[in-house]
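In: sequence first, predicted model second:
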Amino acid sequence: RPSPEEALQWRDSLEKLLQNPYGLASFCSFLRSEFSEENAEFWVACEDYKKIKSPVKMAEKAKKIYEEFIQTEAPKEVNIDHFTKAVTMKNLVEPSPSSFDMAQKRIFALMEKDSLPRFVRSEFYQELIK
């Protein structure tokens, strides 16, 4: 469990929040409570994807991420604009570690602007900083 001081830093840094296993778990629980956990799940999937070295495994994971989060009517479709979706699809013709960068940045910005302020006001977070 993080110290209250550590948890307080998350108010100003979604990055610090997502890098802390406890912070990530708390944030995901909060998002689940408001039915928007796909954004954090997508972000985590992209982080895992970037660590893949094998081109074959990378292509498999890219297809999986696309089918789960990007394609229209995907089970956990994330909210990205048509341009970002088109760029991402183009990037997947030859998957590379940066294939999802634009979409991941958009989702990060969305969570930072939208979800993080709600999380900071939530019971989940208030308990952590006591």
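Out: Now that the structure is in, tell me what you want to look at. Keep in mind the model is a prediction, meaning the values are calculated, not measured.
In: helix or strand right after the helix or strand harbouring Lys105?
Out: Secondary structure assignment for Lys105, by DSSP states H and E: helix 101-110. Sequence order places helix 116-121 as the next helix or strand after helix 101-110, per DSSP H and E.
In: hang on, the earlier thing: distance from the chain centre to the helix holding Lys105, please.
Out: Put simply, helix 101-110 sits 8 Å off its chain's centre (C-alpha atoms, centre = their mean, to the nearest Å).
In: and the helices in the chain?
Out: Counting by DSSP state H, one finds helices in the chain at the ranges 4-9, 14-19, 21-33, 38-50, 55-65, 82-91, 101-110, 116-121, 123-128.
In: what angle do the helix holding Lys105 and helix 38-50 make?
Out: Helix 101-110 runs at 140 degrees relative to helix 38-50, counting by axes from the mean of the first three to the mean of the last three C-alpha atoms, to 10 degrees.
In: could you list every helix and strand that helix 101-110 packs against?
Out: Counting contacts by 3 or more C-beta pairs under 8 Å, 6 or more residues apart in numbering; DSSP states H and E, helix 101-110 is packed against helix 38-50, helix 82-91. C-beta: built from backbone N, CA, C; applies to glycine.
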